[in-house]
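Undergrad: Sequence and predicted structure below; questions after.
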Amino acid sequence: MSKSEMAKIAGVSRQAVNSWFVKGNISRNSAISIAEAAGVSLEWLYGEEVDERQGLRQNEKELLDIFNQLPLNEQETMISAFKLRLKELDKFVEEYIKRRNKDESNRLS
């Protein structure tokens, strides 16, 4: 993200952004705006140590550990496989609901 983009997002001048870098000081409101726009935590933006796995369930942490051990091309393959499996499950649920609604409709007739 460029300094000009940061200024626009935070609603400040480009000179104010330059000052952040020189003085190492940014207002909380500006930091919140930048963090939200960049999709990062406020702690990360302030350079604090962040446990990016905080808030994850144990099985999510385990899956992430395994995923990160895979080569990049295998990670992409696994993402594609998960997307495909999710589509299959969505289709199954959709068909199940249609069947159930049809059965219920026949029972009420």
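TA: Sure thing, it's come through. Residues are numbered from 1 along each chain as shown.
Undergrad: number of nearby residues for residue 44?
TA: 14 (other CB atoms under 10 Å). In short, each C-beta sits where N, CA and C put it, glycine included.
Undergrad: Could you measure from it over to residue 80?
TA: Distance, residue 44 to residue 80, using CB to CB, to the nearest Å: 29 Å.
Undergrad: ok, residue 78 touching residue 67?
TA: Yes - in this structure residue 78 lies within contact range of residue 67 using CB atoms under 8 Å: 6.6 Å.
Undergrad: which parts of the one helix or strand residue 73 maps to are buried?
TA: Using DSSP states H and E, residue 73 maps to helix 72-108. For helix 72-108, the neighbour count (16 or more other CB atoms under 10 Å) marks no residue as buried.
Undergrad: Output stretch 92-102 as CSV, nothing but the C-alphas.
TA: Provided in CSV are the C-alpha atoms of stretch 92-102 (Å, rounded to 0.1, in the frame of the first residue of the first chain):
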residue,chain,number,x,y,z
PHE,A,92,-26.2,-33.3,-1.4
VAL,A,93,-27.9,-31.0,1.1
GLU,A,94,-29.9,-29.2,-1.5
GLU,A,95,-31.2,-32.5,-2.9
TYR,A,96,-31.9,-33.8,0.6
ILE,A,97,-34.0,-30.8,1.4
LYS,A,98,-35.9,-31.0,-1.9
ARG,A,99,-36.7,-34.7,-1.2
ARG,A,100,-37.7,-34.0,2.4
ASN,A,101,-40.0,-31.1,1.4
LYS,A,102,-41.5,-33.4,-1.3
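Undergrad: So what touches it?
TA: Residues external to stretch 92-102 that are found in contact with it (CB atoms under 8 Å, 6 or more residues apart in numbering): none.
Undergrad: Repeat that for stretch 11-27.
TA: 3, 4, 6, 7, 10, 30, 33, 34.
Undergrad: Dump these to TSV, plus distance to residue 51 and pLDDT.
TA: As requested, the contacts of stretch 11-27 are exported to TSV (distance: CB to CB, whole Å; pLDDT from 0 to 100):
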residue	distance to residue 51	pLDDT
3	29	91
4	32	92
6	26	92
7	31	93
10	26	93
30	25	93
33	24	93
34	21	91
